[in-house]
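[1] no letters, just coordinates:
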């Protein structure tokens, strides 16, 4: 006699079978995802790791000539080497423009360009753009080993944990990490590579930044004294960075750090009240000093119809910020009548001339 299983039992058997299949697929997906993150994390770490080759530019900590504390302007280039390849120093015209403008307007300050991913330099690989900035006697190129640079600082234990390398915005967040760490080491001024200096900062008292809006202090221009309260601010910023780090938030670890730190120091969230008298001799310059053209109007720098308006907006500025995050793919024909080009021709003339057809 043959006994047939009830329909309900057959349904349960099929349900269990497909449940097992879907569970297996899900676990496999998670395994692949996690291992992909691990491999990606290893590759990111590797591209910032040191290399032992000839013609490598000097390490900032090992170089005989080191930055003058409080008398140096720093730039950071944080693009990543492709693992197992030799990477020569390469700077885009606009990056080089920022460097030249700093050197031109501040001849009594040192200008250090720090590379987070080790770079090589020899006579055969110097481009006309690179030659332009190296013609200034106060410009120096240095490699930075992230691990040794962070050692013996308040952020080293956090850094070793590897959270930084899991960031969605790794290059931007390495830059955020380095700007506060560099100012902790040496003091002085940090500038973004999309800032063009138009006036000297040599005579401005130390400890300052600039407002981006009524709510935020920007991190594209930062100056901390190398000792005393300036060093305390740098220390506070490093601790704030690691406490609030979010690898999925682009701005929380850069402008967010200095804004939160100044909230604590100045006992106010009103940016316009962050003056030297209230903030223990730290000053936040108002928008027109460094960020006269807000990011929402970045196209003003690239549109000839806004030339006169943009030059009027920036006539009292110490520097301009051209918002590379939004503008990097917008070409400028050398000689065209746009504000960025007009300003670049004046304040980074060698780079502008050597950039070719497009700036």
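    Cool, got the structure. These numbers were taken from a predicted model, which means no experiment stands behind them.

[2] roughly how far apart are residue 99 and residue 346?
    16 Å (CB to CB, to the nearest Å). C-betas here are computed from N, CA, C, even on glycine.

[3] these two - which one has more neighbours?
    residue 99 (30 against 13; other CB atoms under 10 Å).

[4] how about the spatially closest residue to that one that is not a sequence neighbour, secondary structure?
    Distances taken as CB to CB, 6 or more residues apart in numbering put residue 133 closest to residue 99, at 4.9 Å, once the chain neighbours are dropped. Classification of residue 133 using DSSP: H, G, I helix; E, B strand; the rest coil returns helix.

[5] how about stretch 196-209, which residues are buried there?
    196-198, 201, 206-209 (16 or more other CB atoms under 10 Å).

[6] stretch 295-309 now?
    Buried positions in stretch 295-309, judged by neighbour count with 16+ other CB under 10 Å: 298-303, 306-307.

[7] what pLDDT, on average, does it get?
    Looking at stretch 295-309 alone, the average pLDDT works out to 98.

[8] start and end of it, how far apart?
    Separation of the first and last residues of stretch 295-309 by CA to CA, to the nearest Å is 16 Å.

[9] over to stretch 151-167?
    The first and last residues of stretch 151-167 sit 21 Å apart, counting by CA to CA.

[10] list the buried residues of it.
    For stretch 151-167, burial by neighbour count (16+ other CB under 10 Å) applies to 153-156, 158-159, 164-167.

[11] stretch 311-324 too?
    Applying 16+ other CB under 10 Å to stretch 311-324 flags 313-314, 317-324 as buried.

[12] hang on, the earlier thing: got the buried residues of stretch 151-167 as TSV, with secondary structure columns?
    As requested, the buried residues of stretch 151-167 are exported to TSV (three-state DSSP):
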residue	secondary structure
153	coil
154	coil
155	coil
156	helix
158	helix
159	helix
164	helix
165	helix
166	helix
167	coil
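
[13] which single one of these is nearest to residue 92?
    residue 167 (22.4 Å; CB to CB).

[14] report pLDDT for the nearest residue to the closest one once chain neighbours are set aside.
    Spatial nearest neighbour of residue 167, excluding adjacent residues (CB to CB, 6+ apart): residue 247 at 3.6 Å. Among the per-residue scores, residue 247 holds a pLDDT of 97.

[15] with residue 86 instead?
    Residue 86 is assigned 63 on the pLDDT scale.

[16] what ranges does the protein have for its strands?
    72-77, 110-115, 139-143, 188-191, 195-197, 208-211, 217-224, 283-285, 319-321 (DSSP state E).

[17] quick one on the thing from earlier: count of neighbours near the residue nearest to residue 167?
    Other residues close to residue 247 by other CB under 10 Å number 16.

[18] hey, which helix or strand in this structure has the poorest pLDDT?
    Scoring the helices and strands of the chain by mean pLDDT, DSSP states H and E places helix 7-47 at the bottom, with a mean of 51.

[19] now the buried residues of stretch 295-309 in TSV, with distance to residue 121?
    Formatted as TSV, those follow (distance: CB to CB, whole Å):
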residue	distance to residue 121
298	32
299	35
300	36
301	31
302	32
303	37
306	38
307	37
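
[20] which of those sits closest to residue 104?
    residue 301 (19.3 Å).

[21] measure the closest one to residue 120 for me?
    Plainly put, residue 301 is 33 Å away from residue 120 if you go by CB to CB.

[22] with residue 51 instead?
    For residue 51, the distance to residue 120 equals 8 Å [CB to CB].

[23] now residue 251
    Taking CB to CB as the measure, residue 251 falls 33 Å from residue 120.

[24] in this structure residue 229 contacts residue 207, no?
    Yes - Residue 229 lies in contact with residue 207 (CB atoms under 8 Å); the separation is 6.7 Å.

[25] which residues touch the closest residue to residue 214 other than its chain neighbours?
    The shortest distance from residue 214 to any non-neighbouring residue, by CB to CB, 6+ apart, is to residue 271 (5.7 Å). Taking CB atoms under 8 Å, 6 or more residues apart in numbering, we find residue 271 in contact with 211, 213-217, 284.

[26] how about the helices of the stretch 201-350 of the chain, start to end?
    228-244, 255-266, 287-290, 307-313, 324-327, 339-347, 349-354 (DSSP state H, counting those that start in this stretch).
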